[in-house]
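Chemist: How does the following fold in three dimensions:
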Amino acid sequence: MKKRFLAVIFAAAVIMCGCGSDTGDYTSEKEAVSSESSLPFDDHYPEITPDTPALTYLGTRDLRSSEALKLYSKTFAADYKEADILVREYCSEYRLADALSEKMASDRSPDLTDKLPNSFPYLMSKNYYEDLTEYLDRSAPQWVEYASYIDFYSYNGGRFFYPEAVTAAPRFLVYSKERFAALKIPDPETLYYDGKWTRKAFTEAAERFCAAMGGTGIYGDGITDGFISSAGETVFSKSESGQLACNLTGAGVTEVFDYLKNELSGKVKTENFTGYDRIINGGAAFLLIDESGYNELLAIDSGQNYGVVPIPKADGGDVYFCGASSEGFLVPKGAKNVKGAACFINCGRIAAAQSESEAPESVLAKMRANGLTAVPEENYCFDAETNAAMKEYLSSPLSAEESGVSDSLTKIEAAVADINSLN
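Modeler: A predicted model of the protein is given here:
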């Protein structure tokens, strides 16, 4: 199995799958699985044997024909090729927390559910999930590279979330190589691979583009979040005792805010995402985008040569930092087959690691393999009101509107204090 030390220096990483955005209610269906699997069985195979094969899942993903389910079926002595071993109730991400709460309250907890943006720490503090420490060994080969993430997502002494996959640089910068060349702007990709892709180089490129073309320097969602991660900073961190700390007023985040306000938005126009037209037609120098958006852009405009770079490092910095997003499953409190769910989670990680090792080289993989050091990016991890306050606070460096920012910070700090009081 090809090892990827994602918690330190990221090699090529791939997004294993996405979540639906439909806002409808949930529906139920049974899923049959074939036990034929192409994955090798070696000493990394989990030795967890569930007492019963039956699993229930509430979430957004379609697990039929997944390698995780095929591996899971292999843990039983009997052949479950024709058996319905997993019942899935589809639920949109928008409805998932409420639907899960309703099921838990009526003693109908599913065995598996998706990780949500506020699973850690908010839902964990509400006792939504089972501790999996007894079942999953963070030092096992399939987990060791994610050990720091498992520890980061621990709460009150318990380890609830073992990531199936972690993606470095979930957002990155895209630009037109042809337009940059025509304007004689130094190529950002070349600068990146030469270690010279800095904030100064980025700002100068955006300024030169806007001076020649007009329009926007950078647009996209999560600009502030991305630049905080690129400085190696996190909005939240944890102490050795497990207490959550808010870093929004710390020196590192403050320095990023000053750059965004004075050096970036003070010199070039910045805006939220409004579609692909501007990057396609030359109305913007850079688009901050995620992988699914990048693939959509290429499908719309396959004829243009787009360059891909991470958010630049700080001037004078030695390391390129980036945010990291994680995905996987948790086991809701009250689940009837915790052992089986833990086995499935283990199988999912093994299948994901195999897929990563076989993934073809791509421009994104090449970028991510070029010495990116990742930090967890979990910024919107509370209740809806606190998350709205976080959005307002993080938008403030790029906005002329500053009223209400102090109130937003007060709400965020109060939410952190509430979490810590329960830990």
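
Chemist: Without its sequence neighbours, what residue ends up closest to Pro117?
Modeler: Tyr380 (5.2 Å; Cβ to Cβ, 6 or more residues apart in numbering). Where you see a C-beta, it was placed from the backbone N, CA and C, and this is true even at glycine.

Chemist: Torsion angles phi and psi at that neighbour?
Modeler: phi -110, psi 70 (degrees, to the nearest 10).

Chemist: Please tell me how far it sits from Asn247.
Modeler: 15 Å (Cβ to Cβ, to the nearest Å).

Chemist: out of those two, which sits in the busier spot?
Modeler: Tyr380 (18 against 15; other Cβ atoms under 10 Å).

Chemist: list the contacts for Ile185?
Modeler: Ala205, Arg208, Phe209 (Cβ atoms under 8 Å, 6 or more residues apart in numbering).

Chemist: Tyr193: neighbour count?
Modeler: What Tyr193 shows, counting by other Cβ under 10 Å, is a neighbour count of 15.

Chemist: burial measure for the nearest residue to it once chain neighbours are set aside, as a count.
Modeler: Leaving out its chain neighbours, the residue that sits closest to Tyr193 by Cβ to Cβ, 6+ apart is Asn370, at 6.2 Å. Counted with other Cβ under 10 Å, the neighbours of Asn370 add up to 18.

Chemist: Go ahead and confirm Asn370 touches Leu191.
Modeler: No: in this structure Asn370 lies outside contact range of Leu191 using Cβ atoms under 8 Å: 11.8 Å.

Chemist: Over to Gly307. Which of the three states is it?
Modeler: strand (DSSP: H, G, I helix; E, B strand; the rest coil).

Chemist: That one pairs with what?
Modeler: Counting by DSSP bridges, Gly307 is bridged to Tyr175.

Chemist: With Phe180 as the reference, measure out to it.
Modeler: Gly307 is 7 Å from Phe180, by Cβ to Cβ.

Chemist: Need the residues touching each of those two.
Modeler: Residues within reach of Gly307 and of Phe180 at once, by Cβ under 8 Å, 6+ apart, are Asp187, Pro188.

Chemist: returning to what we had before: and the residue nearest to Tyr193, how close does it get to Tyr320?
Modeler: From Asn370 to Tyr320 the distance is 8 Å (Cβ to Cβ).

Chemist: Could you pull out the residues contacting both of those two?
Modeler: The contact sets of Asn370 and Tyr320 overlap at Tyr192 (Cβ under 8 Å, 6+ apart).

Chemist: Is the residue nearest to Pro117 in contact with Ala389, as I believe?
Modeler: No: the pair Tyr380 / Ala389 is not scored as a contact, 10.2 Å apart, by Cβ under 8 Å.

Chemist: closest to Arg199 among the contacts of Ile185?
Modeler: Ala205 (10.7 Å; Cβ to Cβ).
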